[in-house]
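Chemist: Mind looking at a prediction? Sequence and model below.
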Amino acid sequence: MRINEVAKLTGVSARTLQYYDEIGLLIPEKLNNGYRDYSDENLDKLQKILFYRFLKFKLNDIKELLDGDIDSLKILEQQRELILKEKEKFEIILYNIEKTIKTHKGEQTMTVEEKFNGFKKEDLNKYEDQAIEKYGKETIEESKKRQSDKEDIVAEKFNSVFRSMVEYKQDGLNIEEKEVQSKVEDLYNYMNKYAFDCSIEVFSYIGKGYSQNPEFKNNIDKFGEGIAEYISKAIEIFCNDRLNK
């Protein structure tokens, strides 16, 4: 494929492609007439370059990565992880922007407390303390590592589940419905990913705390009246189903 065709296909200017060739980042075959001819392998490499450029990597760093002893699959898996991290950050920003726009339009109000309700780091620690008391410290030893520098992401992940639960409750969905149980599973997975290795037994105990612990109940009910009880019962169904299998 000639340089102008590659430029049209990818949106990368011909001058940029020439520069990549000059610095040894992307070297196409040279035909007898001097024209550059890009192979499928060149295009695959260009895709990897664009992934890294999207993630703000410097060209020298990209060259070192691509020239190193790393197979293509490993590079793609690495890029996927980096992009997923960026995706989580943008999801948080997007939600806050949408909420702020609605506030400016007068469609809703946005209190300071509302911006930070849900599962902040200190909220997770409270749940961990409860788990330690009943199940031992070994259950939550990895908690701090998993939350490090991810407090906003953790908050938004849990909050997104609670917002969905509010919608399901308002729509009259039974706690045994597939949609509700799917969100409970998300909640369980987030607990394992961002907090600690949470067994079904521990998750069941935490779920009971949603409705029985006044502080936790009040915090979750900020999303909607009665939502703590709704989620608590949904978690009970989820856990019983798995414990009885």
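Modeler: In hand now; what should we look at?
Chemist: so the nearest residue to N192 once chain neighbours are set aside, which of the three states?
Modeler: Taking CB to CB, 6 or more residues apart in numbering, and ignoring the residues beside it in sequence, N192 has C198 as its nearest neighbour in space, at 5.2 Å. Using the backbone N, CA and C atoms, a C-beta is placed for each residue, glycine as well. Assigned with DSSP: H, G, I helix; E, B strand; the rest coil, C198 falls in the coil class.
Chemist: Got the confidence number for C198?
Modeler: At C198 the predicted local distance difference test score is 78.
Chemist: Can you list the low-confidence ranges for the chain?
Modeler: Segments of the chain classed as low confidence (criterion: pLDDT under 70) are 69-72, 88-100, 103-104, 108-152, 245.
Chemist: Show me where it has its strands.
Modeler: Counting by DSSP state E, the chain has these strands, from start to end: 29-30, 36-37.
Chemist: Dump these to CSV, plus mean neighbour count and distance to L66.
Modeler: Listed next are those as CSV, based on neighbours: other CB atoms under 10 Å; distance: least, CB to CB, whole Å:
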stretch, mean neighbour count, distance to L66
strand 29-30, 11, 18
strand 36-37, 16, 18
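Chemist: could these go into JSON lines alongside distance to K208?
Modeler: Listed next are these as JSON lines, based on distance: least, CB to CB, whole Å:
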{"stretch": "strand 29-30", "distance to K208": "66"}
{"stretch": "strand 36-37", "distance to K208": "66"}
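Chemist: hang on, the earlier thing: ok, the residue nearest to N192 to D37 distance?
Modeler: 55 Å (CB to CB, to the nearest Å).
Chemist: Could you pull up the contacting residues of the residue lying closest to K45 once chain neighbours are set aside?
Modeler: What sits nearest to K45 in space, not counting adjacent residues and going by CB to CB, 6+ apart, is L26, at 5.9 Å. Taking CB atoms under 8 Å, 6 or more residues apart in numbering, we find L26 in contact with 17, 20, 42, 45-46, 49.
Chemist: Can you tell me which of these is closest to K56?
Modeler: Taking CB to CB as the measure, K56 sits nearest to I49 out of the contacts of L26, at 12.9 Å.
Chemist: Surely the closest one touches L25?
Modeler: Yes - with contacts counted by CB atoms under 8 Å, I49 reaches L25, the gap being 6.7 Å.
Chemist: so what sits against both of the two?
Modeler: If you check I49 and L25 against CB under 8 Å, 6+ apart, the residues they both contact are 62, 66.
Chemist: tell me the domain ranges of this protein?
Modeler: 3-67, 70-109, 112-243 (automatic domain parsing).
Chemist: Narrow the contacts of L26 to those in helices?
Modeler: When helices are assigned by DSSP state H, the members of the contacts of L26 inside them are 17, 20, 42, 45-46, 49.
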